[in-house]
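Visitor: Predicted structure and sequence below. I'll ask about it afterward.
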Amino acid sequence: MWAVNQWLTSSSITAKINSNFRTHVGSRAGESTMAANSARVAVAQMTSVNDLSVNFATCSRLVKEAAAAGAKMLCFPESFSYIGANLGDSVRIAEPLDGPLMQGYCNLARESQIWLSLGGFQEKGSDDSHLCNTHVIVDDSGKIRNKYRKIHLFDVDVPGGMVYKESSFTEAGQDVVAVESPCGRLGLTVCYDLRFPEMYECLRFQHQAQVLLVPSAFTKITGQAHWEILLRARAIENQCYVIAAAQAGKHNEKRESYGDSLIIDPWGTVIGRLPDKLSTGIAVADLDCHTLIL
């Protein structure tokens with residue numbers, strides 16, 4: 001894994017983007033049908049609350065729906081397993097990745113024979129007052145294939161909304177992470193990372209990612225302004241698929257998420273979306289990473 005500051009130079013990035021864009025345009029123009037070896041993926045949308053068992057039941061139902069739809073992988077949003085009602089709740093329930101909660105999600109993957117992107121798990125930190133915001137990839141046998149700890153922490157005063165200071169209870173990660181899967185090579189990120197394009201360039205050009213995963217819990221205000229346009233920009237500038245699972249609606253009296261889970265192709269076209277951006281459910285789409293020239 002490469003440290004986050006080990007990027008390509010701006011000039012070489014621009015050259016690679018231009019070269020890959022020309023190549024991909026040429027291949028896209030000649031395509032009329034999806035390749036036979038494409039992979040079906042699903043993106044989840046949900047409203048997590050401060051009850052681990054309730055959230056697990058919701059996730060279990062969505063896993064079964066995705067498997068029944070033929071998806072090889074289901075992507076969950078940030079904080080899929082828990083969103084606390086009070087400051088300190090998330091640190092209190094945090095567990096190590098070999099703990100019983102993550103084991104339960106690994107069992108879901110194994111039972112339904114589907115890969116899971118579990119973005120934004122509250123992993124126990126190095127002390128009792130901190131956690132890691134961890135994106136975990138689990139394969140269809142229930143094995144953890146890799147993990148990414150969120151690098152860019154959300155310390156923001158949202159105009160007309162809440163003040164967020166994720167760094168007060170979260171340890172920042174250090175490494176950029178990609179992992180092979182049946183749906184292509186996955187680049188792992190979490191939510192606020194979306195505002196740092198150099199990270200996605202690193203995933204694309206240093207780690208050869210084909211699919212960028214962005215599990216999120218965007219606020220309502222920032223989501224209305226920037227959610228879709230940023231996701232489509234990351235897809236276009238890196239010529240990658242983007243799968244962005246989103247928290248949706250009111251979690252409690254203090255917190256509300258924008259929703260609108262999306263699957264976007266390398267042309268910036270939305271190819272998967274729930275009819276209602278606040279409902280709980282899944283959307284599916286077929287990816288064909290064989291058209292991408294790395």
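Guide: Thanks, I have the structure now. Numbering: from 1, shown residues only.

Visitor: So, low pLDDT: which residues of the protein?
Guide: 1-37, 158-163, 291-294 (pLDDT under 70).

Visitor: Dihedrals phi and psi, R195?
Guide: Phi and psi for R195, reported as degrees, to the nearest 10, are phi -80, psi 10.

Visitor: Please determine how far it is located from L153.
Guide: From R195 over to L153 the distance is 12 Å, taken as Cβ to Cβ, to the nearest Å. C-betas here are computed from N, CA, C, even on glycine.

Visitor: Just want to know which of those two has more residues nearby.
Guide: Using other Cβ atoms under 10 Å as the criterion, R195 and L153 rank with L153 on top: 21 against 13.

Visitor: residues contacting the more buried one?
Guide: L153 sits next to 133, 166-167, 170, 172, 192 when contact means Cβ atoms under 8 Å, 6 or more residues apart in numbering.

Visitor: Ok, G88 next?
Guide: F169.

Visitor: switch the cut-off to 7 Å
Guide: By Cβ atoms under 7 Å, 6 or more residues apart in numbering, the contact set of G88 is empty.

Visitor: Please apply the same query to the one 4 residues further on.
Guide: R92 makes contact with no residue under the criterion Cβ under 7 Å, 6+ apart.

Visitor: burial count for E95?
Guide: Neighbour tally, E95, other Cβ under 10 Å: 17.

Visitor: which non-adjacent residue is nearest it?
Guide: The spatially closest residue to E95, leaving aside those adjacent along the chain, is L101, at 5.0 Å (Cβ to Cβ, 6 or more residues apart in numbering).

Visitor: ditto for Q239
Guide: Leaving aside its sequence neighbours, Q239 sits nearest to P266 (Cβ to Cβ, 6+ apart; 4.5 Å).

Visitor: mind checking the SS state of that neighbour?
Guide: For P266, the assignment made with DSSP: H, G, I helix; E, B strand; the rest coil gives coil.

Visitor: Would you mind confirming that it makes contact with A235?
Guide: Yes - with contacts defined as Cβ atoms under 7 Å, P266 counts as touching A235 at a distance of 5.8 Å.

Visitor: anything in contact with each of the two?
Guide: Jointly contacting P266 and A235 under the rule Cβ under 7 Å, 6+ apart are Y241.

Visitor: all strands of the stretch 151-294 of the chain, in order?
Guide: Ranges of strands within the stretch 151-294 of the chain are 155-157, 163-165, 175-179, 186-188, 211-213, 241-244, 246-250, 256-258, 262-264, 270-273, 281-287, based on DSSP state E, counting those that start in this stretch.

Visitor: Same list (those strands) but as TSV, adding mean neighbour count and distance to R145.
Guide: Below are these laid out as TSV (neighbours: other Cβ atoms under 10 Å; distance: least, Cβ to Cβ, whole Å):
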stretch	mean neighbour count	distance to R145
strand 155-157	13	30
strand 163-165	13	30
strand 175-179	20	5
strand 186-188	28	9
strand 211-213	27	13
strand 241-244	28	16
strand 246-250	24	23
strand 256-258	23	27
strand 262-264	26	21
strand 270-273	18	23
strand 281-287	21	18
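
Visitor: okay, those strands in TSV with distance to R40 next?
Guide: What follows is the strands of the stretch 151-294 of the chain, written out as TSV (distance: least, Cβ to Cβ, whole Å):
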stretch	distance to R40
strand 155-157	35
strand 163-165	35
strand 175-179	19
strand 186-188	15
strand 211-213	13
strand 241-244	12
strand 246-250	20
strand 256-258	26
strand 262-264	10
strand 270-273	10
strand 281-287	5
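
Visitor: out of these, nearest to G142?
Guide: Closest approach to G142 among these is made by strand 175-179 (15.6 Å; Cβ to Cβ).

Visitor: what are the pairing partners of that closest one, and which direction each?
Guide: Strands adjacent to strand 175-179 in the sheet, as given by DSSP bridges, are strand 2-3 (antiparallel), strand 186-188 (antiparallel).

Visitor: re the thing from before, please report the distance of the residue nearest to Q239 from A209.
Guide: P266 sits at a distance of 12 Å from A209 (criterion: Cβ to Cβ).

Visitor: repeat for Y192
Guide: For Y192, the distance to A209 - Cβ to Cβ - is 18 Å.

Visitor: ok, those two, which is more surrounded?
Guide: Shown here are Y192 and A209; by other Cβ under 10 Å, A209 has more neighbours (27 against 22).
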